[in-house]
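*Asks:* Just need the structure, nothing else, for what follows:
(2 chains)
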Amino acid sequence: MEKKLSQLKPGETGVIVSIQALTNHRHRRRRSWGFQRRLEDMGLTPGTKIMVVKSAPFHGPIEIYVRGSRLAIGRGMAERILVSV
Amino acid sequence: MKKDKIIIGLAGNANVGKSVIFNHLTGLHQHIGNWPGKTVEKAEGTLHFKGHTIDVIDLPGIYSLSTFSIEELISREYIAVENPDLVINVVDASVLERNLFFTLQLVELETPIVVALNQMDMAKKKGIKIDHEKLERILGVPVVPTVATSHAGIYELMQTSVDVVEKGTGKPTKIRYGEEVETRIQKLSEMVSKLQLPYPARWAAIKLLEEDEQIGGRIRQLDPEIVSAARKLAEEIERIHGHSCSTVITSERYEIAGRIAREVQEIVPLRKLPMRERLHALTTHRILGYPVMVAVILSVFFAIFSFGDYTSQLLGTLFENFYSIYESLFGTGILATLIWGGIIEGLIAGITIALPYLIPFYLVLYFLEDSGYLSRIAFLMDSLMHKIGLHGKAFIPMMLGYGCNVPACLGCRIMETERERFLATFVVTLVPCAATSVIILGLVGAYVGFEWALLLYVIDLFIIFVLGRIAFKVLPGEPTGLIMEMHDYRTPHLKTVVKQAWFRLKEFVIMAFPLIIAGSFIIKLVDVLGLLEPISNVLSPVTVVWLGLPTITGITLIFGVIRKELTLLMLATLFNTADFASVAGFGPVQMIVFTLVAMLYIPCVATIAALVKEQGWRRALFITFFEIAFAIFVGGIAYRILMLTGM
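*Replies:* Have a look, this model is predicted:
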């Protein structure tokens, strides 16, 4: 089943399927490119296993465990990462 | 080959102990500046090793050599174009996979490298055992295990580095991608190799496939056909894999890094949850994390400002006593007044205001950053800071701003992109510092009412919110969300913290003091020439007509540029009384308007100096003039609203 990373509960794991662009708006295409590159450079590439450790309150960032290290990732970004569970 | 001078670049991820190694190597022979035309710090140092003079350049801590951030671009251009004799790649042994991803990119750049496998102690504590000899064989580059904090392996690292520079090493292992990608890289690199490029052909070919804009643009100028060929090849890969070509390449590169990491390391699961993990759980806890954070920030504030206040007053009294000696020696002639009031007062302002706060600030900042706590604060505060278009990391400089805007501006360095840095700096200069609080509380709080003083703080927060949002929308560039590594907690290396603080402080003094002194000299000169009154009169359309203030407030506001609290002192001097309630034509409305303007109108000269240092003249002046205009605008509106309420 596919879910957004932001929908995973603490302790759950998933495998990244894809990272969605911000919008289809032409003007924004370049923007989403940078966003995706950044996530990938941090090791969030398709096929990567992710574990959600916890999330900060008030719709805050999510703590994930990926490739042997701990990352904090903003909620908005987590909503654009599709994972299969 | 014996070289007289060797140039070594230090490269690696953030928080891998790069600065500890840098400080071990260079000791007190270092120089901190900026990369030309950039707001990124450049640390250089020199050491002598076995008859060699070695220049070490500490490159910014980054995760990749793409062009997402200025740091990445700077590092890449430095390594590829300036061609240092050697790059020491500092690798965190406890997070091997992520670090090797970066190492592989350095290998692709075909620079001679030596890997410093650092934080071996931390890896051991995490139950990770690494076969460094095997890693050396796989990568084909020398690997030296180090524990920088206890100086272990540093000598061997330098010995190996010098050997590599003098004798050269065998070829590093070529990084081979999957079949579909590999054949296309080779096809493209054959085409690229015909061009005159400062980069290795294979690397440039990979970057072309990754749709790297900088490399693409450069090659398009030489041969646009290669770029379109690259496009076609990239599309083929995209069709095969179902992901964009850059995704495929990054993904495969990470796979290789992961495979190497698994081959060389052995992980024994820990039986007991270590202290640092419990500390992490507590400091990022959704409820408990916040009281802990408040307690830490309050104690940091208390420590910085009680130390700062005390020292500042002590130094102030010292200089006052010094003045009576000065006066008896040189009298009160124009020249003597000008030298004292302009040059020496400026120097005093710098010494008594900036230094007492900056010294503890830098120490605490580097301590918190090194330990890893700053990233936890950013984690907790991210959602709040998003409301003004920034992310969690900006919370730290903003809090500091309530104490003093100078360290706050300097602290904006922790933001990643140039855009965020500017946005954070702009927001920070709107925060009322301790000196502004003196005016707010000493004038409005004391004579109008505490609730009005409180209201001014609320208004200020509101203004920060609105202007922050507007700047966020207006500024070009990509808004970035939070994505950061929360590295394991560790005890900061004190010697490095002290050295980092010392060199930053030194740099600030060299940069800012001349500006502070020049600024106060000009204002004093205007005063001595008797131009203050005429200038106030010139300003009167603004001060009197638009803001409804007495004419002389123009003078005080000018003096406030040197030090904000001077506005209040000058006001008392010019009114000939410190009891502001007794002054005719300076009622509650004027007090509120005056304070509002003083709160917003300009960062003081020390802050402007910090702005120039961090953002350059253009942006510093922009912020300064914008805030003057904005303060006058808001002040006039407030005056009219207050008059309507019939106060």
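
*Asks:* what does chain A have sitting close to chain B?
*Replies:* Contact residues, chain A versus chain B (CB under 8 Å from any CB of the partner chain): A:18, A:30-31, A:33-43, A:45-48, A:54-61, A:63, A:67-77. (C-beta placed from N, C-alpha, C; glycine too.)

*Asks:* how does chain B divide up, domain by domain?
*Replies:* B:5-167, B:179-267, B:516-644 (automatic domain parsing).

*Asks:* nearest to residue B:421, of the ones you listed?
*Replies:* domain B:5-167 (6.0 Å; CB to CB).

*Asks:* which residues in chain A form helices?
*Replies:* For chain A, the helices defined by DSSP state H occupy A:29-41, A:75-78.

*Asks:* Could you export these to JSON lines, including columns for mean pLDDT and mean neighbour count?
*Replies:* Below are the helices of chain A laid out as JSON lines (pLDDT from 0 to 100; neighbours: other CB atoms under 10 Å in any protein chain shown):
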{"stretch": "helix A:29-41", "mean pLDDT": "70", "mean neighbour count": "20"}
{"stretch": "helix A:75-78", "mean pLDDT": "88", "mean neighbour count": "21"}
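
*Asks:* Among these, single out whichever gets nearest to residue B:65.
*Replies:* Comparison of the helices of chain A against residue B:65 by CB to CB identifies helix A:29-41 as nearest, at 9.1 Å.

*Asks:* can you pull the contacts of the residue of the stretch 151-300 of chain B found nearest chain A?
*Replies:* Nearest residue of the stretch 151-300 of chain B to chain A, counting by CB to the nearest CB: residue B:251, 3.8 Å away. Applying CB atoms under 8 Å, 6 or more residues apart in numbering or on different chains, we find residue B:251 in contact with A:40, A:45, A:46, A:47, B:243.

*Asks:* Of those, keep whichever come out buried.
*Replies:* A:40, A:45, A:46, B:243 (16 or more other CB atoms under 10 Å in any protein chain shown).

*Asks:* about what we covered before: in three-state terms, label the residue of the stretch 151-300 of chain B closest to chain A for me.
*Replies:* helix (DSSP: H, G, I helix; E, B strand; the rest coil).

*Asks:* Of the contacts of residue B:251, which is the nearest to residue B:200?
*Replies:* For the contacts of residue B:251, the nearest to residue B:200 is residue A:40 (22.4 Å; CB to CB).

*Asks:* What ranges does the chain have for its strands?
*Replies:* Going with chain A. Along chain A, counting by DSSP state E, strands occupy A:2-4, A:13-19, A:49-55, A:62-66, A:69-73, A:81-84.

*Asks:* meant chain B actually
*Replies:* So, for chain B - with DSSP E - the strands run B:5-12, B:30-34, B:41-49, B:52-58, B:86-92, B:113-118, B:128-130, B:143-145, B:265-267, B:483-485.

*Asks:* Could you spell out the sheet neighbours of the last one, each with its direction?
*Replies:* Pointing back at strand B:483-485 there. strand A:69-73 (antiparallel) (DSSP bridges).

*Asks:* if I look at the residue of the stretch 151-300 of chain B closest to chain A, how far off is residue B:296?
*Replies:* Distance check for residue B:251 against residue B:296: by CB to CB, to the nearest Å, it reads 39 Å.

*Asks:* about what we covered before: turn the contacts of residue B:251 into a markdown table, including distance to residue B:493.
*Replies:* Below are the contacts of residue B:251 laid out as a markdown table (distance: CB to CB, whole Å):
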| residue | distance to residue B:493 |
| --- | --- |
| A:40 | 32 |
| A:45 | 33 |
| A:46 | 38 |
| A:47 | 37 |
| B:243 | 41 |
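
*Asks:* and the two most separated of those?
*Replies:* Every pair of those checked by CB to CB; the farthest is A:40 and A:47, at 11.4 Å.

*Asks:* Read off the pLDDT value for residue 52.
*Replies:* Going with chain A. Note on residue A:52: pLDDT of 95.

*Asks:* wait, I meant chain B there
*Replies:* So residue B:52 comes in at 92 (pLDDT).

*Asks:* For it, grab the count of nearby residues.
*Replies:* 17 (other CB atoms under 10 Å in any protein chain shown).

*Asks:* next one: residue B:405
*Replies:* Count around residue B:405 with other CB under 10 Å applied: 29.

*Asks:* got the contact list for it?
*Replies:* B:428, B:429, B:431, B:433, B:603, B:604, B:607, B:610.

*Asks:* Just the buried ones among the residues you listed, please.
*Replies:* B:428, B:429, B:431, B:433, B:603, B:604, B:607, B:610.

*Asks:* can I get those in TSV with pLDDT and distance to residue B:469?
*Replies:* TSV is the format used below for those (pLDDT from 0 to 100; distance: CB to CB, whole Å):
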residue	pLDDT	distance to residue B:469
B:428	91	16
B:429	92	16
B:431	91	16
B:433	83	22
B:603	78	21
B:604	82	26
B:607	88	23
B:610	86	24
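
*Asks:* As TSV, these with distance to chain A would be great.
*Replies:* Shown next, in TSV, are these (distance: CB to the nearest CB, whole Å):
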residue	distance to chain A
B:428	21
B:429	25
B:431	22
B:433	28
B:603	30
B:604	34
B:607	30
B:610	28
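
*Asks:* how about those in a markdown table, adding distance to residue B:20?
*Replies:* Below are the buried ones among the contacts of residue B:405 laid out as a markdown table (distance: CB to CB, whole Å):
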| residue | distance to residue B:20 |
| --- | --- |
| B:428 | 29 |
| B:429 | 33 |
| B:431 | 32 |
| B:433 | 33 |
| B:603 | 34 |
| B:604 | 35 |
| B:607 | 31 |
| B:610 | 27 |
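
*Asks:* what's the nearest residue to the residue of the stretch 1-150 of chain B found nearest chain A if we skip its chain neighbours?
*Replies:* Per CB to the nearest CB, residue B:64 is where the stretch 1-150 of chain B lies closest to chain A, at 3.8 Å. Leaving aside its chain neighbours, residue B:64 sits nearest to residue A:41 (3.8 Å; criterion: CB to CB, 6 or more residues apart in numbering or on different chains).

*Asks:* From what I see, that neighbour and residue B:69 are in contact.
*Replies:* No: in this structure, residue A:41 is not within contact of residue B:69 by CB atoms under 8 Å, at 9.9 Å.

*Asks:* what's the overlap in contacts for the two?
*Replies:* With CB under 8 Å, 6+ apart as the test, residue A:41 and residue B:69 reach no residue in common.

*Asks:* Can you name the residues that contact the closest residue to residue B:292 other than its chain neighbours?
*Replies:* Closest residue to residue B:292 apart from its sequence neighbours, by CB to CB, 6+ apart: residue B:283 at 5.6 Å. Residue B:283 sits next to B:289, B:292, B:293, B:373, B:376 when contact means CB under 8 Å, 6+ apart.

*Asks:* ok, residue B:283 to residue B:375 distance?
*Replies:* 10 Å.

*Asks:* Just give the closest residue to residue B:507, not the sequence neighbours.
*Replies:* That would be residue B:32: by CB to CB, 6+ apart, it lies 4.7 Å from residue B:507.
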